[in-house]
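> The following comprises the amino acid sequence and a computationally predicted model.
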Amino acid sequence: MKFLHLADLHLGKRVNGFDLLEDQRYILEEILALCDRHGVEAVVLAGDIYDAAVPPAAACTLLDWFLTRLAARKIPVLAVSGNHDSAERLDFASGLLAEQGVHLAGRFNGAPRQVVLNDRFGPVEFTLLPFVRAATVRHYMPEADLPDYDSAVAAALAACQPAAPRRVLVAHQMVVAGICPPQLAGSETAPLTVGTVDSVDASRFLGFAYTALGHIHRAQRVGLETVRYAGAPLCYHLDECGAEKSATLVKLGRRGVEHIDALPLTPRRAMRHLTGPLAKLVEHPTDTGDYIWATLTDPTPLPDAMAALRAAYPNAMRLDYQPRGVQEAAGGAARAVRGKPFAELFQDFFTQMNGRPLTVEEARAVKALREEAAKG
């Protein structure tokens, strides 16, 4: 079976006041084309389907259009709610939609929802775990000792044991590998606390052939090759300028995952960061429809600079200043930092924050943690 892993569509999203609905429709059309080109047999949506619990009507219409196109292709959809979604609203008409092959798991009701699809090798079991908080799991398991997110998610998954040999988990959580957090993209707005009660260890998913994650907007694996964030299909923050976006194609064989491919996605408009004097930036503009963040290096702020920038780039989103002298000073500081070993950098940071250097015992503990992280 070949299935496409998507996440964090954030339909209805606005960035710096710009409505991205046209961009989102464009990228969904591109995803449908990928389904046709690669013979996709199922589509996974790992949460944050909408950007808000009460999405605008146009966003709901867009999701309806996308699901209808997938249903017309006889491609099943397996979707869970994310922290941005309203679980109750996503569950609306889920029974009727399931008859069309659209399986939505909005609310957590004590155990993940199980959906079984079949390919030429037999059944493939999809375990749909919506975004949950530890308190939600405790409500259904009052006798269990569930002090944090990690133990709560483990208990929720244990409720669906035993399961079929070829299992795919769909979840929307903050997942870490040991003490190593995932790489953030810049547009994750929910609190992402690493190494505390707010994260789940990737080792919890060892029993699954593949774990399709949502929540982090940069595509990446977390510890294991088969535990992955698909990432958002579009750039949703100016810090993501130039980021490459993709959809994750997973080929599941007789004994598990055989191949994982990142299929590139090309947006309707790129998001770019331009740096330089205003006159130079607007002299010979290229790809003028792109979303632009401009950092001007002119020595002093210029009158009507944004108006001049938008005359060349109508979709300019942000303008700030970094005069050349300041830029060079910052570059020198960065070079000085890059030249220092980790132990010295951490010692400087600790001293600055605590008013004293590390003790010998603390330095040894930091060294041990760093070595452990390197092994992971």
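All right, it came through fine.

> If you count neighbours, what's buried in stretch 287-305?
When neighbours are counted by 16 or more other CB atoms under 10 Å, the buried residues of stretch 287-305 are found to be Asp290, Tyr291, Ile292, Trp293, Ala294, Leu296, Thr297, Asp298, Leu302, Ala305. In short, each C-beta sits where N, CA and C put it, glycine included.

> Tell me the spacing between the closest residue to the second one other than its chain neighbours and Leu206.
So that's Tyr291. Spatial nearest neighbour of Tyr291, excluding adjacent residues (CB to CB, 6 or more residues apart in numbering): Met271 at 4.4 Å. Met271 is 37 Å from Leu206, where distance means CB to CB, to the nearest Å.

> Which one's more surrounded, these two?
Met271 (23 against 11; other CB atoms under 10 Å).

> pLDDT score for the more buried one?
Looking at Met271, its pLDDT reads 95.

> my guess is it meets Cys241, correct?
Yes - applying CB atoms under 8 Å as the test, Met271 and Cys241 come out as touching, 5.0 Å apart.

> got any residues that touch both of these two?
Counting by CB atoms under 8 Å, 6 or more residues apart in numbering, the shared contacts of Met271 and Cys241 are Cys235, Trp293.

> shaky segments in the chain?
Residue ranges of the chain with pLDDT under 70: 161-164, 179-181, 185-197, 324-339, 352-355, 372-376.

> list the buried ones in the biggest helix by length in it?
When the chain is parsed with DSSP state H, its longest helix is helix 21-38. Going by neighbour count (16+ other CB under 10 Å), the buried part of helix 21-38 is Leu21, Asp23, Gln24, Arg25, Tyr26, Ile27, Leu28, Glu30, Ile31, Leu32, Leu34, Cys35.

> what angle separates the helix or strand containing Ala294 from helix 21-38?
Using DSSP states H and E, Ala294 sits within strand 291-296. Angle, strand 291-296 to helix 21-38, by axes from the mean of the first three to the mean of the last three CA atoms, to 10 degrees: 120 degrees.

> what packs against strand 291-296?
Judged by 3 or more CB pairs under 8 Å, 6 or more residues apart in numbering; DSSP states H and E, strand 291-296 is in contact with strand 271-276, helix 278-283, helix 305-312, strand 316-321.

> circling back to that earlier point, so can I have JSON lines of the buried residues of stretch 287-305 showing distance to Leu281?
Below are the buried residues of stretch 287-305 laid out as JSON lines (distance: CB to CB, whole Å):
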{"residue": "Asp290", "distance to Leu281": "12"}
{"residue": "Tyr291", "distance to Leu281": "14"}
{"residue": "Ile292", "distance to Leu281": "9"}
{"residue": "Trp293", "distance to Leu281": "11"}
{"residue": "Ala294", "distance to Leu281": "6"}
{"residue": "Leu296", "distance to Leu281": "8"}
{"residue": "Thr297", "distance to Leu281": "10"}
{"residue": "Asp298", "distance to Leu281": "10"}
{"residue": "Leu302", "distance to Leu281": "11"}
{"residue": "Ala305", "distance to Leu281": "10"}
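
> what distance separates the start and the end of stretch 208-227?
End-to-end distance of stretch 208-227 (CA to CA, to the nearest Å): 9 Å.

> since we're on Leu224, how many residues are nearby?
Other residues near Leu224 come to 15 when the count uses other CB under 10 Å.

> For it, which residues are in contact?
By CB under 8 Å, 6+ apart, the contact set of Leu224 is Ala177, Ala202, Phe205, Leu206, Thr211.

> Which of those sits closest to His84?
Thr211 (20.1 Å; CB to CB).

> Find the helix or strand that the closest one is a member of.
Per DSSP H and E: Thr211 is located in strand 210-214.

> Now do the next helix or strand after that strand: everything it contacts.
Counting by DSSP H and E, the next helix or strand C-terminal to strand 210-214 is strand 220-222. Residues lying outside strand 220-222 but in contact with it, judged by CB under 8 Å, 6+ apart, are Val175, Val176, Ala177, Pro182, Gln183, Ala202, Leu213, Val227, Arg228, Tyr229, Gly231.

> TSV please, covering those residues and showing neighbour count, distance to Ser86 and secondary structure.
Below are the contacts of strand 220-222 laid out as TSV (neighbours: other CB atoms under 10 Å; distance: CB to CB, whole Å; DSSP: H, G, I helix; E, B strand; the rest coil):
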residue	neighbour count	distance to Ser86	secondary structure
Val175	27	23	strand
Val176	22	27	strand
Ala177	17	31	strand
Pro182	24	25	coil
Gln183	13	28	coil
Ala202	23	28	helix
Leu213	29	20	strand
Val227	23	27	strand
Arg228	24	26	strand
Tyr229	26	22	strand
Gly231	28	23	coil
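
> I appreciate the help and will end here.
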